[in-house]
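>>> Let me see the structure of the following:
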Amino acid sequence: MQKLTRRLAILVLVLVLVGGPLTAQPLGNSVPAARSVVMVSVDGLMPDYYRRCDELGLHLPTFRWIMREGVYASGVVGVLPSVTYPSHTTLITGVPPRVHGIAGNEIFDPLGRSNGAWQWFADDVRAPSLVSAARARWLTTATIS
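The predicted structure follows:
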């Protein structure tokens, strides 16, 4: 299983959920329901693991609930390089690495001065993102890693 987990971590595929069960209930009839969007990206999760979980004998009740009550992607078109940070940055910006500027997991450092530092800082992203669009409308965002 550990070998499988390592192999899965190479690919970045997405499960996207929208509204549905995450919509807050209004307080009385005078307040409209709040709409929520939750994007869940599981690094390295191949779509077959949640799309065919019964067939594969996987016990994934939360994924089944999310698929039944929300919206999910059947897969994504990967970017190059197909590693974590370029892929996730493409998900939140909608543009490829050549546009958003995150070209790898580590900072490009041919002289080895960064000691293998990761390129995961928001300041390095050169394109508008879902987070910046939400902030511009005074909406709340959160990230859990």
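>>> helix or strand for Tyr49, which one?
helix 47-51 (DSSP states H and E).
>>> Past that helix, which element shows up next along the chain?
Moving toward the C-terminus from helix 47-51, the next element (DSSP H and E) is helix 61-69.
>>> Buried residues in the helix holding Tyr49, which are they?
Residues of helix 47-51 classed as buried by neighbour count (16 or more other CB atoms under 10 Å): Pro47, Tyr49, Tyr50, Arg51. Bear in mind the C-beta positions are built from the backbone N, C-alpha and C, glycine included.
>>> Including distance to Arg113 and pLDDT, could these go into JSON lines?
What follows is the buried residues of helix 47-51, written out as JSON lines (distance: CB to CB, whole Å; pLDDT from 0 to 100):
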{"residue": "Pro47", "distance to Arg113": "39", "pLDDT": "88"}
{"residue": "Tyr49", "distance to Arg113": "39", "pLDDT": "89"}
{"residue": "Tyr50", "distance to Arg113": "41", "pLDDT": "87"}
{"residue": "Arg51", "distance to Arg113": "44", "pLDDT": "89"}
